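**Student:** Generate coordinates for the sequence data below:
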Amino acid sequence: MAEGTGTALLVMDVQRVVVERYVKEPKLLERIATAIRSARASGVQVFYVFVGFRPGYPEIGQRSRWFGTIAKSGDFITGDVGTEIHPEVAPESGDILVKKLRVGAFAGSDLEVLLRSRGIGSLALTGIATGGVVLSTVRHAADLDFRLSVLSDACADMDPEVHKVLLEKVFPRQANVLTVDQWVAELATSNA
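**Tutor:** Numbering: from 1, shown residues only. Below is the predicted model:
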């Protein structure tokens, strides 16, 4: 399905509230920022995928276990400061913001339409959490036949074992697992 030749970098759920609560690794945002700068310098489109809801959470049904918890927390209301992309990796003019309504980047968003309209067939993924948005997006994007790279040191999960198992055993079945430095080197080679 994904027939394009272009590449996009997906920066997923790197929102203030997520970073403040879940990120324990101090260099994570620095590595994500490196990937973003390299993508922009190489002409790779940067997409910021974030979760956001209307006040009162009309998008969340009563059967939604995970999102029901979010609705009770009062977090992730579109426009609230906590829902904004973290300032250390903030979007710039030309970057595309994609609001989603569920865990994966494609669920409840127009991401697939945006990627196809730009002829993008390859995705590099970063995000929080490895066992949440990254896993769900890898699975969905693989089913859509996108070529995938997961930037291993630009993802984080509260559970180190989940992070490790996904990067070492699960993702390699559907994606190239690379560090940010390895991906940046690939970009430099492809643009040479």
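**Student:** buried sites along the lowest-mean-pLDDT helix or strand in the chain?
**Tutor:** When each helix and strand of the chain is scored by mean pLDDT, DSSP states H and E, helix 65-73 comes last, with a mean of 83. Residues of helix 65-73 classed as buried under the neighbour-count rule (16 or more other C-beta atoms under 10 Å) are Phe67, Ala71. The C-beta positions use only the backbone N, C-alpha and C, and glycine is treated the same way.
**Student:** Tell me how far that helix lies from the chain's centre.
**Tutor:** The chain centre lies 20 Å from the centre of helix 65-73; the measure is C-alpha atoms, centre = their mean, to the nearest Å.
**Student:** Show me the strands in the protein, by range?
**Tutor:** Shown for the chain, the strands assigned by DSSP state E span residues 6-12, 45-51, 96-100, 120-128, 147-156, 176-178.
**Student:** Verify the stated contact: Ala129 with Leu166.
**Tutor:** No. Ala129 sits out of contact with Leu166 when judged by C-beta atoms under 8 Å, with a separation of 9.8 Å.
**Student:** who touches both of these two?
**Tutor:** When contacts are counted by C-beta atoms under 8 Å, 6 or more residues apart in numbering, Ala129 and Leu166 are jointly contacted by Asp157.
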